[in-house]
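> prediction below, plus the sequence it came from.
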Amino acid sequence: MRHWHDTAYCLLVLGVSLFYIIPIALNRSNHTRLSRWLTCALPPVTIVTLSIVNKLLYPETIHVFNYLDVRFFLIGCMVIPLLVVQINERRLLIATLCVSASLLIFLDLIFNFFGVGYYDLVNIGSQYYFMANFYCISSYVFILLCLLFEKRLSDNAFQENEKLVSVLQKANHKLESQKNEIGLQNQEITKQTERLISNQEELIRANTQIENQKESLLRIQSGLQTELMARNKELIQTNEELAKYNHELQQFSFTISHNLRGPLARLLGLTNLMEKDLSELTGPQLELVKLVTQSAKELDEVIRDLSKIIDIRNDIYRIREKVFFQEELKMVLRSLSTFIQPDVTIENDFREAPILYTVRPILTSILYNLISNAIKYRSPQRSLVLTIRTTLLNGFINLEVSDNGLGMNMEQFSRNIFGLYKRFHTHTDGKGLGLYLVRLQIESLGGKVEVSSELNIGTKFIVSFPDTQDVEGQIVFESDFGSIFYNAHTNCAGIIWKSHVSSEQYRTLFKKCLEMVRLYHTPYWISDLSKQGTISPDDQKWMLTTIMPEAIRQGLRKIANVHIPGQNNGEYRNRIKETSVKLGAEIEFFTDRKKAEQWIDHFVKP
């Protein structure tokens, strides 16, 4: 009988052992939570099962120790969940611990259920339940709490280790990336080093070539030194000749503009007398008298314009005027009428830029030189066609003068075309001065001149004038006691007195005012007397009998007088008004210069 019990017990142990294959199979099929729960639950269940079977098979061998040892094993089984389950997997941890805890708590009930309870088999002592359960359960709880605390510390350390491992992995990855980047940079540096070495070799070769060229240049320079000294000597001689020529030209111009004043004035007087008594003259004689009169007036205009340029005693010749291209062209063509043959065709188009604010004599001189050159160097095989037009481009007003004359070989003469005493055709008279003057004159205004030409086809000159618009407050004369200004937009000049003036200062400034009116024939005038002070009766009489009549004779028609209220020169202003009305000029008085300017603007044609 006992042999059969042993065999049955062995078969039970073997069968129970087969149950431990189930967690392995579940784990391989990815049921990890169930697999771990069985792993933790099977040991305590197996222990209780074997203990019950042992008591059923061998009741005669059971002692009190056999009811205590199973409790020790159950207490030991609680270690398994703490090893298998993480502390943060709370549900699974509680489920696994509940197996061993429940078996420990209800162990006597389970034994009694199967008829192998303590009092059924041993029955020694009446304190069994308290002694067995109290100490075992207390020990279980105490050990469990200690193990949980240790488990938490261990898990925290494990998590920190995982974080540290993650950080280290990231750092390693970053270091690996940096290593790869440094490797690429090293490769690039290697390539750059190779290029630098190559460039250095090229530089060495270039330096060698430069040194060779430098030696060649030194040899050439030594050969040019003598030629340069000779050219410098020639240049000095040319400059001396040019300075002498300029001085002579200045003296000659001064002589013409001043010494011819008397004979020209007498000629104009004679023509006026001739015009008063024309009853005995025939038709051709009358025409001749008109031509002489017109020529005398044009000569007077030319001399006045020449005075504007050569009068270097002040800055009047720098003042910009409002010049109409059409009017200047007519005057130039009248001057050249003797040289213009009937077959010459002159076309003009000033619609794009009809006016220009510039120095009138300079524009007249440029037009005269360019047109006279076109007439002088016309082609004998065809009639001369001369085209004159203006355009606007990039802040410049371009004057274009083109012809179908002889033309020039620009590849041969382009460098010297504006040179002094340079001529390219010898069949006509000339000194090669015209184009040189054109360049000097336009450059003095801040402009430029360009030329294009083809031999036997024609020539085109483009003279670019700065499109100056700021011409309202041009200062003609400046001093501590007064200033003279000119407004080219309205063709209005004026004087601003700055302080009380002496008799000499008063007369000096008014003489300059009269010179302004003579030069520019301005019909409008503004006098600001606000700070003039008191003028002596002699100076008043001199101005009213000398300056004002001559200014009105020169074309002055509208006068705006500015004063301040209460100024002690009312009698002087009344005498000015009476004289102006008597001489045929209109005068108004204002207490604000802005209103005076608006009054003048009212008469200016748009």
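Sure thing, it's come through.

> in this structure, which helix has the most residues?
Using DSSP state H to assign secondary structure, the helix with the most residues in the chain is helix 135-259.

> run the chain-centre distance for that one.
25 Å (CA atoms, centre = their mean, to the nearest Å).

> try stretch 541-556
55 Å.

> got the CA positions of that stretch in CSV?
Output of stretch 541-556 as CSV, limited to C-alpha atoms (Å, rounded to 0.1, in the frame of the first residue of the first chain):
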residue,chain,number,x,y,z
LYS,A,541,17.6,161.7,-55.9
TRP,A,542,20.5,159.8,-57.5
MET,A,543,18.6,156.5,-57.6
LEU,A,544,15.4,158.1,-58.9
THR,A,545,17.1,160.2,-61.6
THR,A,546,19.9,157.8,-62.7
ILE,A,547,19.2,154.2,-61.8
MET,A,548,15.5,153.8,-62.2
PRO,A,549,15.1,155.6,-65.6
GLU,A,550,18.0,153.5,-67.1
ALA,A,551,16.5,150.2,-65.6
ILE,A,552,13.1,151.0,-67.1
ARG,A,553,14.7,151.9,-70.4
GLN,A,554,16.4,148.4,-70.3
GLY,A,555,13.0,146.7,-70.0
LEU,A,556,12.1,146.8,-66.3
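
> show me what stretch 556-569 is in contact with.
517, 522-530, 532, 534-535, 573, 576, 580, 584-593, 596-597, 599-600, 603 (CB atoms under 8 Å, 6 or more residues apart in numbering). For the C-beta atoms, the positions are set from N, CA and C on the backbone; glycine is no exception.

> repeat that for stretch 532-543.
So stretch 532-543 is contacted by Trp497, Ser499, His500, Val501, Ser503, Tyr506, Arg507, Phe510, Asn568, Asn569, Tyr572, Arg575 (CB under 8 Å, 6+ apart).

> give me the distance between the two termini of it.
Counting by CA to CA, to the nearest Å, you get 14 Å between the two ends of stretch 532-543.

> how about stretch 519-528?
Taking CA to CA, the first and last residues of stretch 519-528 lie 21 Å apart.

> show the average pLDDT along that stretch.
For stretch 519-528, mean pLDDT is 87.

> could you list the low-confidence segments of the stretch 451-600 of the chain?
Applying pLDDT under 70 to the stretch 451-600 of the chain flags the ranges 566-568.

> just the strands in it please.
In the stretch 451-600 of the chain, the strands defined using DSSP state E, counting those that start in this stretch lie at 458-466, 474-478, 482-487, 492-497, 524-528, 558-562, 586-590.

> buried residues, the first one. List them.
The reference is to strand 458-466. Gly458, Thr459, Phe461, Ile462, Val463, Ser464, Phe465, Pro466 (16 or more other CB atoms under 10 Å).

> looking at the residues you listed, which is nearest Ser102?
Pro466 (110.4 Å; CB to CB).

> what distance do you get for that closest one to Gln326?
21 Å (CB to CB, to the nearest Å).

> which residues touch stretch 198-213?
So stretch 198-213 is contacted by nothing (CB under 8 Å, 6+ apart).

> keeping just the C-alphas, turn it into PDB.
C-alpha atoms of stretch 198-213 as PDB (Å, rounded to 0.1, in the frame of the first residue of the first chain):
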ATOM      1  CA  SER A 198      48.100  74.300 -56.000                       C
ATOM      2  CA  ASN A 199      47.300  78.100 -55.800                       C
ATOM      3  CA  GLN A 200      50.500  78.700 -54.000                       C
ATOM      4  CA  GLU A 201      52.400  77.100 -56.800                       C
ATOM      5  CA  GLU A 202      50.400  79.200 -59.300                       C
ATOM      6  CA  LEU A 203      51.200  82.300 -57.300                       C
ATOM      7  CA  ILE A 204      54.900  81.400 -57.300                       C
ATOM      8  CA  ARG A 205      54.700  81.000 -61.100                       C
ATOM      9  CA  ALA A 206      52.800  84.300 -61.400                       C
ATOM     10  CA  ASN A 207      55.300  86.100 -59.100                       C
ATOM     11  CA  THR A 208      58.100  84.800 -61.300                       C
ATOM     12  CA  GLN A 209      56.300  86.100 -64.400                       C
ATOM     13  CA  ILE A 210      55.600  89.400 -62.700                       C
ATOM     14  CA  GLU A 211      59.300  89.800 -61.800                       C
ATOM     15  CA  ASN A 212      60.200  89.100 -65.400                       C
ATOM     16  CA  GLN A 213      57.600  91.700 -66.600                       C
END
